[in-house]
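# predicted model, plus sequence, below.
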Amino acid sequence: MDENGWRVVAVTSPTLDSGKTVVAINLAISIAQRLQRTALLLDFDLRRPSVAKYLGLSPKVSLNDVLQRGVDVADAMVNPGFERLVVLPTLQAADRPSELLASPRVADLLGELRDRYADRVVVVDLPPALAADDVLALLPHVDCVLFVVGSGISSEKEIEAAQRRLSKVPLVGVVLNKDASVVTNAYY
């Protein structure tokens, strides 16, 4: 990402239950561990938001308020207890999420969040690529995609279909998640 000047990475999967949210959270925490970086984790899975739940957050103001009520984004940001990490959680499913994600308000918000701090990496937790058009609405505003595939969860056809949907944005990597293979050599 540094080599290409990319600062906004979207995390998605082909289908449900691949563990993309946990990967997004861990990626944001890892980025925040670097002394020369800060991380902002956005919960843009507006159909099934879960970042706040996983992190044990219960803020009074969330991304819902920013997008639907015009609340200032700074009022919705939460520090989950990790230095250099800020979270912009979504607390409840939004009405018409695809339209909301395609709105100029979201484009402006992402631009503002990206440009406010030169050392910030924005990690965006998106819904699964095949679940709805939400991912397609947000792709023009991200620099790259991290693709999370749950072992045994998505079929080869689903993975290929999701990759086609994501093909207009550079793929920064693929994470094989939930692999239950038996390790035959404990050394490895």
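Ah, there it is.

# give me the most central residue, the chain.
Asp125 (1.7 Å; Cα atoms, centre = their mean).

# skipping adjacent residues, who's closest to Ala161 in space?
Distances taken as Cβ to Cβ, 6 or more residues apart in numbering put Leu130 closest to Ala161, at 6.1 Å, once the chain neighbours are dropped. Where C-beta positions appear, they are placed from N, C-alpha and C, glycine not excepted.

# what's the neighbour count on the one you found?
Neighbourhood size, Leu130 [other Cβ atoms under 10 Å]: 17.

# was I right about it contacting Leu16?
No - counting by Cβ atoms under 8 Å, Leu130 sits too far from Leu16 to count as a contact (9.1 Å).

# which residues do these two both contact?
Counting by Cβ atoms under 8 Å, 6 or more residues apart in numbering, no residue touches both Leu130 and Leu16.

# quick one: the strands in this protein?
Taking DSSP state E, the strands of the chain run over residues 8-12, 38-43, 85-88, 120-125, 144-150, 171-177.

# okay, the ones you listed in JSON lines with mean pLDDT next?
Below are the strands of the chain laid out as JSON lines (pLDDT from 0 to 100):
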{"stretch": "strand 8-12", "mean pLDDT": "98"}
{"stretch": "strand 38-43", "mean pLDDT": "97"}
{"stretch": "strand 85-88", "mean pLDDT": "98"}
{"stretch": "strand 120-125", "mean pLDDT": "97"}
{"stretch": "strand 144-150", "mean pLDDT": "96"}
{"stretch": "strand 171-177", "mean pLDDT": "94"}
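
# and the gap between the residue nearest to the centre of the chain and Thr90?
Relative to Thr90, Asp125 is positioned 9 Å away (Cβ to Cβ, to the nearest Å).
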